[in-house]
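In: Build me a model from this:
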Amino acid sequence: MTSNPRRITPRPWAVGLLVGLALIAMLSWPIASAGMLRVNVDEADGPNLNIFIPGILVNLAVHLVPDRVFDDIRREMGEETAKWWPAIEEACRHLENCPDAHLVDVETANETVLVLKRGRNLLINVDSGNERVRVALPVKVMGSVIRKLGPQD
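Out: Numbering: from 1, shown residues only. Below you'll find the model as predicted:
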């Protein structure tokens, strides 16, 4: 009596499923690590606005915008801002590793502005008489925009 070992052949749908799951896992890490840009605007007498943009799309957009657009922005910022740019870039580089902090708090008769660092995000809260704005900006995304806006060698 001879025994025939059974050969196991993978099913095509199972191979496709495994490859698909592997691709999803590989692509989800960069998307998740870049964070999510969130903008929320609540108006007392108007519509509310909620926008969620994956940080990786912001990073991609920064690289796709023509250099002349950033040249125009740098020109509008002027020489005064340009001389502070190395300090701004350095602060952005270190902000991600900083502990959570209360960075800015400005209060006037009509408006309150609060800037916080929480986790991997910079939170910007603005409250005025009839409007409330909340922005959560991933520090990594902010860093890529700041680097692109800085002086180009």
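In: give me the number of residues near L122?
Out: A count of neighbours around L122, defined by other C-beta atoms under 10 Å, yields 20. Placement of C-beta: from N, CA and C, glycine included.
In: ok, it touching K140?
Out: No. In this structure, L122 sits apart from K140 without contact. The criterion is C-beta atoms under 8 Å, and the distance is 10.4 Å.
In: Summarise which helices and strands the longest helix seen in the chain is packed against.
Out: Taking DSSP state H as the criterion, the chain has its longest helix at helix 67-95. Secondary structure elements in contact with helix 67-95, counted by 3 or more C-beta pairs under 8 Å, 6 or more residues apart in numbering; DSSP states H and E, are helix 139-149.
In: between the helix it packs on and helix 67-95, how big is the angle?
Out: Between the axis of helix 139-149 and that of helix 67-95 there is an angle of 140 degrees, by axes from the mean of the first three to the mean of the last three C-alpha atoms, to 10 degrees.
In: quick one: buried residues of helix 139-149?
Out: For helix 139-149, burial by neighbour count (16 or more other C-beta atoms under 10 Å) applies to V139, K140, V141, M142, G143, S144, V145, I146, K148, L149.
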